[in-house]
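Novice: below is the sequence, then the predicted model.
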Amino acid sequence: MSALTEGTSPAMPPAPSPVHLADYTPPPWLVDIVTLDVQLAPTATRVTAKTKLKPNPEAAATTSIGLDGERMQLISVSLDGQLLGCDAYTVSESKLTLHDVTAEPHELVIESECDPQANTSLTGLYRSNGVYCTQCEAEGFRRITYFPDRPDVLAIYTVRLEADKTECPILLANGNQVAQGDLADGRHFAEWHDPHPKPAYLFAMVAGDLDCVSDSFTTMSGRDVALGIYVEHGKADRTAYAMDSLKRSMRWDEEVFGREYDLDVFNIVAVSDFNMGAMENKGLNVFNDKYILVRPDTATDADYANVEAIIAHEYFHNWSGNRVTCRDWFQLCLKEGLTVFRDQEFSSDMRSRPVKRIADVKTLRAHQYPEDAGPLAHPVRPSSYIEINNFYTATVYEKGAEVVRMLKTLIGPDAFRNGMDAYFEKNDGRAATVEDFISAMEDASGRDLAQFKRWYDQAGTPELVVSGKYSPIDETFDLTVAQSTAPTPGQSAKAPLHIPLAMGLIGKDGTSLPLHLSDTNTDGDAETQTVVELTGYEQTFTFEKVTSPPVLSVLRGFSAPVKLTTNGGDKDWLFRMAHDPDPCARWEAGQTYARELLVNITRAMSAGDRPRRGTRYADALRHVLEDDSLEPAFAAMMLDLPGEAELAQHIGQNVDADAVHNARKHLQSAVADQLGDLLLDRYSQLQSNAAYSPDADQAGRRALKNACLRLYAGLGNENSARIAAVQFSSANNMTDMEAALATLTHMQREERQTAFDAFYERAAGDPLLLDKWFSLQAMSSRTDTRQAVEALMDHSDFSMKRPNTVRSLIGVFAGSNPVRFHAGDGSGYRLLTQVVRDLDPINPQVAARLLGTLKSWRVYDDARKSEAVRSVGDLLDGGKLSEDVYEIATRMIA
Ligand code: TRP
Ligand code: ZN
């Protein structure tokens, strides 16, 4: 038998095995109380963990205790006061198992050591610029101590931190501080207690020499909460907007969801080395400092908007995620989709709702649709994973938020709010599932959501074919909708989904027509907008009393995350681009028209035919530019052509990245040619000497001004270079400065180099500014960009150990520069997979995420496809990979 095993798999390491949702079983042991003692030291931090365990009455009986633990040195194990000998337990790379344990409560004390200084994976306990910090979601706590590291084990934590007082004057952990004091040898300690039971993934501690910015908030029941934002020295003057956003988030959650904060302290720490955006640890959020530190001269309007949204997101997790947590990691969307929905709503209330909705639709289409259409497609609630960190995706987050939004559309705002209240109430202090959420919504609305629930388990973006038929004799309008979803990996057959379609009918003069849906009682004043519910593969809805041929306006507010085809044609799109009363649908009309035009131009240019100049499109944009009644931020969005990646997706197969790039360039310059003076007029009118404010109105005017510049620069002439260079050198804020560089970066002109050199000087070693400098170069469509990126990897300010910098250079090149990344000779793919190979041993999480940028490779032509497969194949063949990268690489080319 051993001969056979050896024969079938020689030296190959065993393929990592997946975890399945269907295999869930409750934890055999529950933990009531955890007491941690942490002796911080750079290379040998000693952790003593005392836990009170008891058998779980809801689980099968067991005679052993299995604890997760990785990359630690086990020092000692005691059970009920008895030091255990080596024969009483087994330790492996990932587990500690205590044998022959009686089924009764026990007190376990485990001593272990870890090395934060050497931890470059940025999960568990690590150091960022000398600051000790932790990242436990999803499975990082097991690198701090041995523990049942799963979200359905909730315990009350007390943490005592001890460190050198000069090195770490600040000592933080979850909850409220209960003690502190000085010790011998220049050391000191602090003790923190968190009264709320929580899973280990919400544990956090921070120690270092940090500045603190303090403020306070009085909750709706009158309790005072001390707020603190901790940053590296010299950065306190960039925290005001984050603090203001925090206070607004706290108030908003009270007003809109009735949720009050539940501790006396809320702290935020900004660190420079961080795997993702931020983390919602109970009472101690840890942030990537790029989402805290903003000042007019260092951050753009988009940066400000991100700070506001992410502060809100992490704060909102206090209820959607922390008070009500997830039973297992398959339920990730339960906290993430819901919390994204909540932060989107917050930003909509703080800013312009339609503009925010369009921005979210753009994000969804740019990131989630390609995911759903490619080799990494998975349901909002996946059914299996090898490495859970690979499932913090646009599908779980953004599509997960769309699912919550659809639910609200279907059951209405009042039932939704009642359902949310009931969900929080019933599941408070518990680890819940998607089923718990859905059943709260069913109870609140009295509706059967069984079919709707398919959204959680079925991957792929549904495609809707919509056609309208007007009968002048009957004065009826038939709306026929058919749905289908293409197969995705592991799911070949797709069932029909329950889809809310918000729609209206527009008269030829642009007025909204009253809707009389047959079979419904619409006596009295008819509405001009309604939501029809698609549940079958194909359905027809008949509207009556339609006295003249209408224009159909469908998918208003982007009421469902679907792809839409209608039988309306160019005339309808142009009409709706000018008249649709729903801003989202109006924007969408312009995008659809431009997409079709660009596909047409791509084909014509490839066939050697003369491409269209987009005359009617330019006219439509002229009306947008001349219409003072439009919100500037909305007008800016109307001016933006669909991107190259989106076009490639839309074409769907055999794409030549160069052809798409050239077509887009052609249209941009044709439009700029037709609108030239008008663009310059608007550009000048929108100049302002007002002091910078990040508010939505001012930001919107800058967005429109810079959209005019961008479009005008499509001409690529001397004048556009000059205008951009002047804007760069005279700008009084980072938004205008960055917009100027984003224009200059594509040019082969002296002004470009001068500006980039000046920007580098100005950055003066500030990592956040240097990251902008890297990414603005990585996004250049110049033919020498790949070489430039390779050269920048040798720059002294580049480091593989800093995720932000890796993402700014390599992530932006691979994710935001389709024409150079998808180079026909495969050089872009080779660059990416080489970086992934080098980064993997340093930081597997970031390496895997970076590899994910390749997910759209299948839409390209055969030459590109074979280069992509070869690069990923070489990566897989080139030696042992982390489970993170292994999983993405194998799924990528499966
Ligand atoms: N839960 C975090 C959020 O969405 C994201 C997160 C998950 C994360 N895993 C992480 C952040 C690892 C940093 C590192 O708010
Ligand atoms: Zn989140």
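Specialist: Sure thing, it's come through. Ligands and ions are numbered 1, 2, ... in the order given.

Novice: Ala227 sits in which helix or strand?
Specialist: Quick fix: residue 227 reads Leu, not Ala. Taking DSSP states H and E as the definition, one finds Leu227 inside strand 224-231.

Novice: next one: that strand to chain centre, how far?
Specialist: The gap between the average C-alpha position of strand 224-231 and the chain average comes to 26 Å, counting by Cα atoms, centre = their mean, to the nearest Å.

Novice: buried ones in that strand?
Specialist: By neighbour count, with 16 or more other Cβ atoms under 10 Å as the criterion, the buried positions of strand 224-231 are Val225, Leu227, Gly228, Ile229, Tyr230, Val231. To be clear about C-beta, it is placed using only N, CA and C from the backbone, and glycine gets the same treatment.

Novice: quick check: which helices or strands does it pack against?
Specialist: strand 211-218, helix 240-257, strand 265-271 (3 or more Cβ pairs under 8 Å, 6 or more residues apart in numbering; DSSP states H and E).

Novice: what angle separates that strand from helix 240-257?
Specialist: Counting by axes from the mean of the first three to the mean of the last three Cα atoms, to 10 degrees, strand 224-231 lies at 140 degrees to helix 240-257.

Novice: what's the mean pLDDT across strand 224-231?
Specialist: Confidence for strand 224-231, expressed as mean pLDDT, is 98.

Novice: next: stretch 236-252.
Specialist: Per-residue pLDDT over stretch 236-252 has a mean of 99.

Novice: looking at the buried residues of strand 224-231, spot the one nearest Arg143.
Specialist: The closest of these to Arg143 turns out to be Tyr230 (Cβ to Cβ; 22.6 Å).

Novice: so the closest one touches Val269, yeah?
Specialist: Yes - with contact defined as Cβ atoms under 8 Å, Tyr230 and Val269 form a contacting pair (4.5 Å).

Novice: now do the shared contacts for those two.
Specialist: Any residue near both Tyr230 and Val269 by Cβ atoms under 8 Å, 6 or more residues apart in numbering counts here, and that gives Leu172, Val206, Leu210.

Novice: name the SS class of the second one, please.
Specialist: When states are read from DSSP: H, G, I helix; E, B strand; the rest coil, the local structure at Val206 comes out as strand.

Novice: show me the contacts for it.
Specialist: Contacts for Val206 (Cβ under 8 Å, 6+ apart) come out as Val131, Tyr132, Cys133, Thr134, Ile170, Leu171, Leu172, Ala173, Tyr230, Val269, Leu284, Val286.

Novice: what does the last one give?
Specialist: With contacts taken as Cβ under 8 Å, 6+ apart, Leu210 has the following neighbours: Val131, Pro169, Ile170, Tyr230, Val231, Glu232, His233, Val269.

Novice: mind doing that once more with 6 Å?
Specialist: Contact analysis of Leu210 by Cβ atoms under 6 Å, 6 or more residues apart in numbering lists Ile170, Tyr230.

Novice: same check, this time on Asp273
Specialist: Going by Cβ under 6 Å, 6+ apart, the list of residues near Asp273 reads Leu122, Ser128, Arg802.

Novice: where does the first one sit: helix, strand or coil?
Specialist: Reduced to three states with three-state DSSP, the structure at Leu122 is coil.

Novice: any idea how far Ala49 lies from Tyr886?
Specialist: For Ala49, the distance to Tyr886 under the criterion Cβ to Cβ, to the nearest Å works out to 31 Å.

Novice: and for Gln674?
Specialist: Here the criterion is Cβ to Cβ. By it, Gln674 lies 52 Å from Tyr886.

Novice: which one's more surrounded, the two?
Specialist: Neighbour totals were compared for Gln674 and Tyr886, and Tyr886 leads with 22 against 18 (other Cβ atoms under 10 Å).

Novice: okay, now the residue in the stretch 1-150 of the chain that ligand 1 sits nearest to: neighbour count?
Specialist: For the stretch 1-150 of the chain, the nearest residue to ligand 1 under the criterion Cβ to the nearest ligand atom is Glu137, separated by 4.1 Å. As a burial measure, Glu137 scores 25 neighbours (other Cβ under 10 Å).

Novice: give me the phi and psi for the residue lying closest to Ser467 once chain neighbours are set aside.
Specialist: Residue nearest to Ser467 in three dimensions, not counting chain neighbours: Asn567, with 4.2 Å by Cβ to Cβ, 6 or more residues apart in numbering. In this entry, Asn567 is assigned phi and psi values of phi -90, psi 10 (degrees, to the nearest 10).

Novice: need the pLDDT of Asn567.
Specialist: The model reports Asn567 with a pLDDT of 83.

Novice: now do the one 10 residues further on
Specialist: For Met577, the pLDDT comes out at 97.

Novice: relative to Gly510, how far out is it?
Specialist: From Met577 over to Gly510 the distance is 12 Å, taken as Cβ to Cβ.

Novice: the two: who's more crowded?
Specialist: Met577 (25 against 13).

Novice: which residues sit in contact with the more buried one?
Specialist: Listed by Cβ under 6 Å, 6+ apart, the contact partners of Met577 are Ala589, Gly590, Ala620.

Novice: residues making contact with the one helix or strand the last one maps to?
Specialist: In this assignment (DSSP H and E), Ala620 forms part of helix 615-626. Outside of helix 615-626, the residues within contact range by Cβ under 6 Å, 6+ apart are Leu574, Met577, Ala578, Leu597, Ala635, Met638, Val671, Gln674, Leu675, Leu678, Arg682.

Novice: so who does Asp343 touch?
Specialist: With contacts taken as Cβ under 6 Å, 6+ apart, Asp343 has the following neighbours: Ala309, Ala312, His313.

Novice: nearest to ligand 2, of those?
Specialist: Comparing the contacts of Asp343 against ligand 2 with Cβ to the ion picks out His313 as the nearest, at 5.5 Å.

Novice: hmm, the residue nearest to Ser467 is touching Lys469, no?
Specialist: No - under the criterion of Cβ atoms under 6 Å, Asn567 is not in contact with Lys469, lying 8.8 Å apart.

Novice: and the helix holding Ala620, which residues are buried?
Specialist: Judged by neighbour count using 16+ other Cβ under 10 Å, the buried positions of helix 615-626 are Arg616, Tyr617, Ala618, Ala620, Leu621, Val624, Leu625.

Novice: tabulate the residues you listed (CSV), appending distance to Leu108 and pLDDT.
Specialist: Converted to CSV, the buried residues of helix 615-626 look like this (distance: Cβ to Cβ, whole Å; pLDDT from 0 to 100):
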residue, distance to Leu108, pLDDT
Arg616, 74, 98
Tyr617, 69, 98
Ala618, 72, 98
Ala620, 69, 98
Leu621, 68, 98
Val624, 67, 98
Leu625, 69, 98
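
Novice: export the residues you listed to CSV and append columns for distance to ligand 1.
Specialist: Formatted as CSV, the buried residues of helix 615-626 follow (distance: Cβ to the nearest ligand atom, whole Å):
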residue, distance to ligand 1
Arg616, 43
Tyr617, 39
Ala618, 42
Ala620, 39
Leu621, 37
Val624, 36
Leu625, 38
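
Novice: of these, which pair is most distant in space?
Specialist: Between any two of the buried residues of helix 615-626 (Cβ to Cβ), the greatest distance is 15.0 Å, for Arg616 and Leu625.

Novice: for Gln82, phi and psi?
Specialist: Residue torsions, per degrees, to the nearest 10, at Gln82 are phi -100, psi 120.

Novice: kindly report the residues of the chain close to ligand 1.
Specialist: If contact is defined as Cβ under 6 Å from any ligand atom, the residues of the chain in contact with ligand 1 are Gln135, Glu137, Ala138, Asn275, Met276, Ala278, Met279, Glu280, His313, Glu314, Glu336, Tyr392.

Novice: which residues touch the residue of the stretch 51-200 of the chain at minimum distance from ligand 2?
Specialist: For the stretch 51-200 of the chain, the nearest residue to ligand 2 under the criterion Cβ to the ion is Glu137, separated by 8.8 Å. Contact criterion Cβ under 6 Å, 6+ apart gives Tyr201 as the residues in contact with Glu137.
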